[in-house]
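Peer 1: next come a sequence and a model predicted from it.
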Amino acid sequence: MRKMKTVSMLLVVSLALLGLAGCGGNNNNSNAANGNTAGTDANATNTKAKDPVTLSFVIPNTVDTAPFTQLFGEFEKQTGNKVELQALPGGEFDNMMKTRFSTGDFPDLFLMQPGTKQYVKLRADEMLREWSGDADVWARIIPSMKEAQTLDGKIYGVPYGATGMYGVFYNKDVFAKAGVEPPKNYADLIEIAKKIKATGVTPFYEGVKDGWPAQIFYLTGWVSNVDPAIGDEGVAKLQTNELKMNNIPELKNLFTKQKELIDLGLYQDNVLAGTFDEMQTMLGEGKAAMVFNLDGIIPQLEKKFGKEFVNDKLGFFPFPSDTDQGVAVVTPPNQLMIPTQAKHADAAVELVKFMLTKEMTDMYYAAAPGIPIFEDAKVELVPVQQTVKDLMEAGKSKINIQNRLTPVFADFQKLLQIFFINGDVDKAYNDFAANYEKDGKSKLLEGFK
C-alpha cells in the first residue's frame, strides 16, 4: 500500500544558522506594491508575445528534464515563446559554463548548483542578473531559501526545485530484527551498530571507491557536532579565515569517530571497494543496516526495490550528537540564473516568473516530488521526506555547511580514501584544513590572500 502524504507546506526552517546578510538592493517591481504579483497569479504571463523567440536553457544532464519540459510546454502555450533544453555533462558542468562565459556563448537561462560560492565562479556582479529587488519573485519562496542565496545583500540566483536532505538512511526490517530503534545520541548509535553486527548484518556500508559518498559522514556530522560548538559566528570566521579548520576540536572528533567505526569493524568487508550502486543493493536486500547518504538514494532504491520498499521499509534519522538525536542536513535546491548579456534576457525573466506561479510549481512537484521551497505548495512526500519536513518544522535542521561557505572542501574524497587506508586522524584533519585554506587563496577571497 503506498503510504504517501499530501501536505500543504508551511515550512519554517530556523536559519539563525545562516550568518548571511539579509536581502537588499533596489525594488524594481511596482506591481508588488499593488498586490499584483506574478508569484501568485498563474495568468500573469498569459499574453502571447508579438515576436515569439526560442530561449536556450542549459541544465546538467544529471537533472531530470521531465518536469521542466512540462512547464516549458505550458509557457509556449501561453506566450508563444519556446524553450530549448541543452543538457551538459554533470561532472563537467561548472567548467563548461565558465568556458561559455569566457567565450561570450551565453545561454538565456541556466540551472546552477545552490549556494553563493557559484557567484564567485561566474563573476556574478559583472555577469549575472541581480534578483533581490524583485518582490514578486520572493513572494512564495520560504525566507530561509532566499537567505541561503544572499551575499552582501545581493542575489544572483533564484532557487527552484526541492529541498535536499542528508543523514542516515536505514532498513527498518533490519532494525526490527535486531530489536533496535533510531539512536538518541551518538553512543547509542554505536551500541545499535554492535547489536546489528551480532545478527550477522553489516551495520554501515560506505562507498569509498566512488569517493563522494564518504564525505557525507562529515557533512551530516558537522551540523550536529561542529555547528553547536562554533555557532554562526564561527562559520562567519571560517568564511574569512579568521578561524582555522584545524582549530576546531569537534571537527577533528569526526575523524576520530569514523576511525572508531573502522576499528570496530562496523563497515562492510573490503570497504575500499565500496560503491554507491552496491550501497543501494546492500541496504535494500537487508545485508547492510545503515548508510550515510543524501536523498538521491531514494529514487535509486525505488527503481531497484519498488515503491513499497521506499514507503514501508526505508527509514531516516539525523547524524546524532553526543547528547541528542542530532540535526538533519538540508540543502537549498539548484538556482536559476540569467546572464546579463543573454540574447533574450527579458523573455528569460518572464519565464522564471512564470515558473514561480503556484500552478507551475505544483505541476513541477507532481512530476518531481520533494520537500518544496514554496510556502503554499502541495506535494506527495515519501515517509523519509516527511521525517525531514517534521524536523525542519521543529527547528531541527540546518543547511549543509558547504552551502554556507565560499571556499570548498577541496580534494576531500581523495583525502578520505587515503584516510580509510592509513587511519591517520591527525594527517587527515590537518590536510583537510590546508586544502580548505588553499581553495580560499585560489579564489582570492578576503582573509585568504
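Peer 2: That came in fine, so what should we check first?
Peer 1: and I421, how many residues sit next to it?
Peer 2: By other CB atoms under 10 Å, 10 other residues sit near I421. All C-beta spots, glycine's among them, are computed from the backbone N, C-alpha and C.
Peer 1: who touches it in this structure?
Peer 2: L272 (CB atoms under 8 Å, 6 or more residues apart in numbering).
Peer 1: got the buried residues for the helix or strand hosting it?
Peer 2: Following DSSP states H and E, one finds I421 within helix 412-422. By 16 or more other CB atoms under 10 Å, the buried positions in helix 412-422 come out as 412-413, 415-416, 419-420.
Peer 1: tell me the one among those residues nearest to E76.
Peer 2: Closest approach between the buried residues of helix 412-422 and E76, by CB to CB: Q413, at 41.4 Å.
Peer 1: wait, the closest one sits on A214?
Peer 2: Yes. Between Q413 and A214 a contact is recorded at 6.3 Å, counting by CB atoms under 8 Å.
Peer 1: list the contacts of Y160.
Peer 2: Counted by CB under 8 Å, 6+ apart, Y160 has contacts 111, 333-336, 355-356, 373.
Peer 1: where exactly do the helices run in the stretch 251-400 of the chain?
Peer 2: Using DSSP state H, counting those that start in this stretch, the helices found in the stretch 251-400 of the chain span residues 276-284, 297-308, 345-355, 358-367, 383-393.
Peer 1: of those helices, which is nearest T62?
Peer 2: helix 297-308 (12.1 Å).
Peer 1: same for that closest one, what does it pack against?
Peer 2: Applying 3 or more CB pairs under 8 Å, 6 or more residues apart in numbering; DSSP states H and E, one finds that helix 297-308 contacts helix 276-284.
Peer 1: so what pairs up with the nearest residue to M97 once chain neighbours are set aside in the strands?
Peer 2: In space, and not counting its chain neighbours, M97 is closest to F110: 6.6 Å by CB to CB, 6 or more residues apart in numbering. Per DSSP bridges, the residues bridged to F110 are V58, M337.
Peer 1: please renumber the chain so that the first residue is 49 from this point on.
Peer 2: I'll keep to 49 as the first residue from here, and by that count the last item is F158.
Peer 1: verify the contact between F158 and L103 for me.
Peer 2: No. Counting by CB under 8 Å, F158 does not reach L103; the two are 10.8 Å apart.
Peer 1: these two: which is more packed in?
Peer 2: The neighbour count for F158 versus L103, taken as other CB under 10 Å, is higher for F158 (27 against 24).
Peer 1: need the helices of the stretch 299-448 of the chain in JSON lines with distance to E298, can you?
Peer 2: Supplementary listing: the helices of the stretch 299-448 of the chain in JSON lines, determined by distance: least, CB to CB, whole Å:
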{"stretch": "helix 324-332", "distance to E298": "27"}
{"stretch": "helix 345-356", "distance to E298": "27"}
{"stretch": "helix 393-403", "distance to E298": "40"}
{"stretch": "helix 406-415", "distance to E298": "37"}
{"stretch": "helix 431-441", "distance to E298": "21"}
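Peer 1: give me the distance between G374 and K444.
Peer 2: 8 Å (CB to CB, to the nearest Å).
Peer 1: max-length strand in the chain?
Peer 2: In the chain, assigned by DSSP state E, the strand with the most residues is strand 210-219.
Peer 1: could I get the buried residue list for the following helix or strand past it?
Peer 2: Once strand 210-219 ends, the next helix or strand along the chain (criterion: DSSP H and E) is helix 220-226. Using 16+ other CB under 10 Å as the test for burial, helix 220-226 gives 220, 222-223, 226.
Peer 1: quick check: next helix or strand after the helix holding I469?
Peer 2: According to DSSP H and E, the helix or strand after helix 460-470 is helix 473-490.
Peer 1: show the average pLDDT along that next one.
Peer 2: Averaged across helix 473-490, pLDDT comes to 96.
Peer 1: quick one: that helix to helix 460-470, angle?
Peer 2: With axes from the mean of the first three to the mean of the last three CA atoms, to 10 degrees defining the directions, helix 473-490 sits at 160 degrees from helix 460-470.
Peer 1: tell me which other helices or strands helix 473-490 touches.
Peer 2: By 3+ CB pairs under 8 Å, 6+ apart, helix 473-490 packs against helix 297-311, helix 460-470.
Peer 1: among these, which comes closest to Q126?
Peer 2: Among the helices and strands packed on helix 473-490, helix 460-470 sits nearest to Q126 (CB to CB), with 44.4 Å.
Peer 1: how far off centre is the closest one?
Peer 2: Centroid displacement of helix 460-470 relative to its chain, using CA atoms, centre = their mean, to the nearest Å, is 23 Å.
Peer 1: picking that back up, export only the CA atoms of the longest strand of the chain, formatted as CSV.
Peer 2: Taking C-alpha atoms only, strand 210-219 is exported to CSV below (Å, rounded to 0.1, in the frame of the first residue of the first chain):
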residue,chain,number,x,y,z
ALA,A,210,13.1,20.8,-3.8
THR,A,211,15.0,21.0,-0.5
GLY,A,212,17.7,18.3,-0.4
MET,A,213,18.4,16.2,2.7
TYR,A,214,21.4,14.4,4.1
GLY,A,215,21.5,11.9,7.0
VAL,A,216,21.4,8.3,7.9
PHE,A,217,19.1,6.0,5.9
TYR,A,218,18.3,2.7,7.4
ASN,A,219,16.5,-0.6,6.7
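Peer 1: partner strands of it, parallel or antiparallel?
Peer 2: Assessed with DSSP bridges, strand 210-219 is paired to strand 336-342 (antiparallel), strand 362-365 (antiparallel), strand 376-379 (antiparallel), strand 419-420 (antiparallel).
Peer 1: what is the rounded mean pLDDT of it?
Peer 2: Across strand 210-219, the per-residue pLDDT values average to 95.
Peer 1: do the same with stretch 267-278
Peer 2: Stretch 267-278 comes out at a mean pLDDT of 97.
Peer 1: now do stretch 153-163
Peer 2: Mean predicted confidence for stretch 153-163 is 94.
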